[in-house]
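# could you work out the structure for the sequence below:
(2 chains)
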Amino acid sequence: MVTPEQLKTWIESGFNGATVSVEGDGHHFEAVIVASEFESKNRIQRHQLVYAALGDKMKAEVHALSMKTLTPAEAEQ
Amino acid sequence: MTDTVNPSQDAPSVDEQIKQTVTDHEVVLFMKGNANFPQCGFSGRAVQILKALEAEFVTVDVLANDAVREGIKTFSNWPTIPQLYVKGEFLGGSDIMTEMYESGELEQTLKA
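Numbers count the residues shown, from 1 in each chain, chains lettered A, B, ... in the order given. Got it, this is the predicted structure:
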């Protein structure tokens, strides 16, 4: 079973210097990701970056991942 | 000499079927189950949002068609279901639909 910590590490590995927080019960996960890579990217592209970081690790569980994807500036608002 | 016909050559590919569906209908929700009986929480939320906006939409039950269930993921380069298409354009899954609904963006997109 995937743990929030594991998921946090996988996501962080796809970005350099992102701030990631993950909560979850092992089945459903809520992730908040703040990364400069999101700048000038729309929501779909941002989520696709996260899915790319996860690769096949979460093939089965990925549908249970809700995400908030923010740039550092948006996170401060 | 009898012709050999390869049915898969004549039948439109999954990609073409999906393309046709999202072109023929203005609002299409690829989901698990249907609008009255969603089979997954995320698909259910997507239906509730469209109903709250009184949108006219058609649904495609990916549970009833494995080829579409996998084909839609490569079509949009998006690994999850549900998937919303408006005027042929992929908008996102239930997460993004929720964000756009809360910001009022989804209503504008549907009305545009």
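
# is A:K41 in a helix, a strand, or coil?
Of the three states, A:K41 takes coil under DSSP: H, G, I helix; E, B strand; the rest coil.

# grab the nearest non-local neighbour of it.
Excluding the flanking residues, the one nearest A:K41 by CB to CB, 6 or more residues apart in numbering or on different chains is A:L49, at 7.2 Å. C-beta: built from backbone N, CA, C; applies to glycine.

# quick one: the strands in chain A?
A:19-24, A:29-34, A:65-70 (DSSP state E).

# quick one: secondary structure of whichever residue of chain B sits closest to chain A?
As assessed by CB to the nearest CB, chain A sits closest to B:T80 within chain B, at 4.2 Å. Assigned by three-state DSSP, the conformation of B:T80 is coil.

# my guess is it meets B:G93, correct?
Yes. The criterion here is CB atoms under 8 Å, and B:T80 meets it with B:G93 at 5.2 Å.

# between those two, which one's more packed in?
B:G93 (28 against 20; other CB atoms under 10 Å in any protein chain shown).

# now the more buried one, what are its backbone angles?
For B:G93, the backbone dihedrals are phi -100, psi -160 (criterion: degrees, to the nearest 10).

# likewise for the one 10 residues further on?
Note on B:S103: backbone dihedrals following degrees, to the nearest 10 are phi -90, psi -10.

# before we move on, the earlier item: the strands of chain A: which one's closest to chain B?
Of all the strands of chain A, strand A:65-70 sits nearest to chain B, with 5.2 Å by CB to the nearest CB.

# so what's the most centrally placed residue in chain B up against?
The residue lying closest to the centre of chain B (CA atoms, centre = their mean) is B:F30, at 2.7 Å. The contact partners of B:F30, taken as CB atoms under 8 Å, 6 or more residues apart in numbering or on different chains, are B:59-60, B:62, B:68, B:72, B:81-85.
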